[in-house]
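>>> Just need the structure, nothing else, for what follows:
(2 chains)
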Number of protein chains: 2
Amino acid sequence: MLRTHTCGDLRAADAEKTVTLCGWVDTWRDFGGLVFLDLRDRYGITQITVNPEHDAEMHKLARTLRNEDVIQVTGVVAIRPDDMVNPKLVTGEIDLKARELTLLNRSKTPPFEPGTTDPPGEEHRLKYRFIDLRRKQLQDAMIMRHRFTKLVRDYFDEHGFLDIETPILGRSSPEGARDYLVPSRVHPGCFYALPQSPQIYKQILMVAGFDRYMQIARCFRDEDLRADRQPEFTQIDIEMSFVTRDDILELVDGLIRYMMKNLRDVEVPEIPRLDHADVMERYGNDKPDLRFGMELVDIGEIAGGCGFGVFQKTIESGGRVRGLTAPGAAEKYSRKKIDELTAYVGDYRAKGLAFFRVQEGQLDSPIAKFFSADEQKAIIEKMNAQPGDLLFFVADKAEVTSAALAALRNRLGKELELYDPNDMHFSWVLNFPLVTHNPDEGRWDAEHHPFCNPVAEDLEYFKTDPSKIRAESYDLVINGYESASGSVRIHDPAVQQQIFDLLGINAEEAEARFGFLLESLRYGAPPHAGLALGLDRWVMLLLGYDNIRDVIAFPKTQKASDLLSGAPSTVDDHQLRDLNIKTDL
Amino acid sequence: MLRTHTCGDLRAADAEKTVTLCGWVDTWRDFGGLVFLDLRDRYGITQITVNPEHDAEMHKLARTLRNEDVIQVTGVVAIRPDDMVNPKLVTGEIDLKARELTLLNRSKTPPFEPGTTDPPGEEHRLKYRFIDLRRKQLQDAMIMRHRFTKLVRDYFDEHGFLDIETPILGRSSPEGARDYLVPSRVHPGCFYALPQSPQIYKQILMVAGFDRYMQIARCFRDEDLRADRQPEFTQIDIEMSFVTRDDILELVDGLIRYMMKNLRDVEVPEIPRLDHADVMERYGNDKPDLRFGMELVDIGEIAGGCGFGVFQKTIESGGRVRGLTAPGAAEKYSRKKIDELTAYVGDYRAKGLAFFRVQEGQLDSPIAKFFSADEQKAIIEKMNAQPGDLLFFVADKAEVTSAALAALRNRLGKELELYDPNDMHFSWVLNFPLVTHNPDEGRWDAEHHPFCNPVAEDLEYFKTDPSKIRAESYDLVINGYESASGSVRIHDPAVQQQIFDLLGINAEEAEARFGFLLESLRYGAPPHAGLALGLDRWVMLLLGYDNIRDVIAFPKTQKASDLLSGAPSTVDDHQLRDLNIKTDL
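A predicted model of the protein is given here:
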């Protein structure tokens, strides 16, 4: 080894020892005839003092050092005088009196300092990712991510799961997202597809009898990227045989407890299991942030008879009037701020946002005059409101009230600081609809994927009202993010056929897309269930970061570019000729 | 859970317990009015007895069961009479008297039985992989592979390594093998490439200060496949900073000891560190199988002066005469068998194979007459031969004698059973040449890749004789397979430039292919080194299998096809249009 210790190791107890450190020059000062260097590595920072009295040549070299140069220093550990102790560093009790100094590598002036509290824009950081990754925030992220994945593997190993690798070069079966394709050289005109998930392979592993499968799997979706999506992402992928839905939920409850105990020393209370329909009613979306309350309330009964035309007409035309109570917000939101909120819910297609400041027994609002004293009291009671609260209402089609109020709820929860941003709240949402109607295409689409088992008692709705069929599915929600999704799978080929019929997938199409799964189901498929947890996002939430790219060593931009390597790039013509493809521009 | 126990759990101590099992019907007998079922899952086999006296309906259902049907059985554990105990099964002391039987899923007649001792051809097995994976050999392989990877991760975690994921969608920088390409939809005309290894990214992680990196990484090479290659394969990828070559070797020595102790309860003796030039001389190739000796011996001094024209002329024209001693083989190899060996070395371009049966103080051979009594004695002495041994010689250009005799040595070692096929022998081969001369192209090629550090004392040969420059590289050899390969990397941009100059890679090309690595080296790259171990092959050797596809859940054929899914396949035209490519057939 080129060193005896790391830059995070040395303490007062090491005084008088001769040691060798290696690392990067984090800061330097040439002061009072001495050179002081802060030497940095992954483990910490140690102060080095270079004194010309020990070695004039060494001191001369030290004076040339600049930030991010890589050096090796041998020296003697010395206890700092009391007034020089640096309590911010774990090594702050000592410094190292240099005896020998070797320049291992010179650095050009870095485009930004890893220690900066004000890093440059993300494009610049991604281009110089090798500098950016030296920043403590990203070092912490990679270390946390390592610990996280190690714990996940330990947990599933202890529970008898086998880590089995499934192919990256798979078959295209487009559903939902676009596939990334890989042209085959050996089979001209044919393509592999990168997996959107190992779904089919893990089901086949159950058919093959592996019973408990897990994989930390790379998945790929060629989608237009939102802020928290990446073209390649990582999921904790699980499947089990001979289990029910609740077995999966208990397994994952145990995982959550294990992770939070080990990573945060927190005991997680019971993880609520919520019904999808109930969640939609109370929070307006299927991934509510439950770090705070502020549930949606329906005032349709009051609104239908009131004198405010907008409310009345909405109820008459089959719409809904729903609202929420922003606690203590009456004075915090000026008219201007409320206008901003109105514009914000407009993004969710709400045509307006009614508001009332709550006073003792009555409401204050430009539209309060349309409501009788009794109606005002009834609203206050229904909304469980206190003087000083601010009430908001959206009157519209049911789904618009849901979407708009769910977004408003999240925004107000954050602005009113209704929760500790470091809290993590876990909940299950169960019984999603199996299918949703696609009015544009006039057909039924699978809510998750076409392999979810329907709830047995809902089979009767196949012929009458498919929208009522619940799936044996479950989503795990963390702080308002869908963080895992899974279901009991169909193991009966006849039920699978029934689903394909409902989804309008004909036999030929089913065979082309999932033929090998369907075939395997005919040869003794056990009842099985599973789920997939988004690893990147869970790690992001654990760190309290809000950018998923900060927990990925080499992420891609929203245009799916790797600014460090320059991928994707043009390639040599002979590479395309080998693959029997041409660009078509 | 649908079961209380697995099919491998029950023992005599469980007698009288009421339990529920799930699994596949492995075999069934309808005998003496009873139905006997062997029920199978991943954990074992348990015998079930179905008696019509308990439940006539149940018995009727049991009579319909056939192999690979999936059932759930509740019953009472009973101790078998002494003469009915099956010592081959861990559950052989008991059987389960069925009380309740549920058919979970019917199986079509399987194309072959998982229990067969005579599985069908590999194409058929790959097509019905979900049946094939039920065979004990493949179940064992997946379980071993899981344990193997878990131990690898535990070892590196204990040694402070961070598991960091590098991208699958990377940049094309073709070297050695062809890249798999992925057309970009967002950037028309541009392509990602799947990584041949995470080499550049892991070096950048060192530049970023991560110090100790590991990943079990999927890698991709679009090569024409040999028996033991796959288009996608898995490697244990490692990189460390501030270390020397020997630090890496010790780390991996420790890994080998840890794995062999945990997986085979074997203490591994000291792992030899051999010099490349020495290994080539003694074994004729750089990955010798050291489970046995039978070293190559040069008899040039004797051959040069003997009366056998072929030997003499070879020496005169600068060639070599080398041979090996096959112990006790004189009577085992008929003339016909030796003719086969002659044809075999012909595949390695040897024009002939001289042989001598060793007798007391003299040699027996059609060509013995060309050698004087003294020369025969000298050969016997030089070859350290005993009566009854068989000597083989190849006279040719040096590299032909190496290749032919190395192949012959491997074949004879196996045929003569000179080693226990279950043994595992590990050795290091060090100091590979940095570059080899490519006479067809008239240039120097990197032996490993262009980032290997040259041995410092050999820098003088850059201008005089590059073939003499040794790399600070190391290969791990297991049983004659190159199982890991690595090197100290170049961290000095000036040395890197020198290598590119030698390899004839001009600045523009270097920038296009590795620009982002070169740039990173300019910003404070620490000295670093690493290696990559082939996981698939190591697991294969541990299991004593000879087919790498048997340790991969869903392997591809030698034509890079997945016979289960049918990948690669044609895709919809609109998919190609989205990607701005056309097939060019």
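
>>> Could you count how many residues lie near residue A:337?
12 (other Cβ atoms under 10 Å in any protein chain shown). Where you see a C-beta, it was placed from the backbone N, CA and C, and this is true even at glycine.

>>> From the contact counts, what lies against the helix or strand harbouring it?
Assigned by DSSP states H and E, residue A:337 belongs to helix A:335-346. Other helices and strands packing on helix A:335-346, by 3 or more Cβ pairs under 8 Å, 6 or more residues apart in numbering or on different chains; DSSP states H and E, are helix A:398-415.

>>> repeat that with 10 Å
Helix A:335-346 sits against strand A:354-359, strand A:390-396, helix A:398-415, with contacts defined as 3 or more Cβ pairs under 10 Å, 6 or more residues apart in numbering or on different chains; DSSP states H and E.

>>> Model confidence score at the nearest residue to residue A:329 once chain neighbours are set aside, please.
Take residue A:329 and drop its neighbours on the chain: the residue closest to it by Cβ to Cβ, 6 or more residues apart in numbering or on different chains is residue A:390, 3.8 Å away. If you check residue A:390, the pLDDT there is 98.

>>> Residue A:390 pairs with what?
residue A:326, residue A:357 (DSSP bridges).

>>> hmm, back to that, ok, and for the helix holding residue A:337, which residues are buried?
Within helix A:335-346, the residues scored as buried using 16 or more other Cβ atoms under 10 Å in any protein chain shown are A:338, A:341-342, A:345.

>>> so residue A:426 touches residue A:271, yeah?
Yes: contact criterion Cβ atoms under 10 Å: residue A:426 and residue A:271 qualify, at 4.9 Å.

>>> Please say which of the two ends up with more neighbours.
Using other Cβ under 10 Å as the criterion, residue A:426 and residue A:271 rank with residue A:426 on top: 21 against 17.

>>> Relative to chain B, how far out is residue A:356?
47 Å (Cβ to the nearest Cβ, to the nearest Å).

>>> That residue against residue A:387, yeah?
No: the criterion here is Cβ under 10 Å, and residue A:356 misses it with residue A:387 at 11.6 Å.

>>> These two - which one has more neighbours?
More neighbours surround residue A:356 than the other of residue A:356 and residue A:387, with 26 against 13 (other Cβ under 10 Å).

>>> Residue of the stretch 301-450 of chain A nearest chain B, please.
Chain B sits closest to residue A:441 of the stretch 301-450 of chain A, with a gap of 15.5 Å, by Cβ to the nearest Cβ.

>>> Can you give the distance from stretch A:57-66 to the centre of its chain?
Relative to the centre of its chain, stretch A:57-66 is centred 46 Å away, using Cα atoms, centre = their mean, to the nearest Å.

>>> Equivalent analysis for stretch A:382-392, please.
With Cα atoms, centre = their mean, you get 33 Å for stretch A:382-392.

>>> Contacts for the helix holding residue A:337 next, please.
A:326, A:329, A:333-334, A:350-355, A:357, A:366, A:390, A:392, A:394, A:396, A:400-401, A:403-405, A:407-408, A:411-412, A:415 (Cβ atoms under 10 Å, 6 or more residues apart in numbering or on different chains).

>>> give me the number of residues near residue A:23?
Counted with other Cβ under 10 Å, residue A:23 comes out at 32.

>>> element containing it?
Assigned by DSSP H and E, residue A:23 belongs to strand A:18-31.

>>> Packing partners of the very next helix or strand once past that strand?
Following strand A:18-31 in sequence order, the next helix or strand is strand A:34-41 (DSSP H and E). With contacts taken as 3+ Cβ pairs under 10 Å, 6+ apart, strand A:34-41 sits against strand A:18-31, strand A:44-50, helix A:56-64, strand A:70-79, strand A:94-105.
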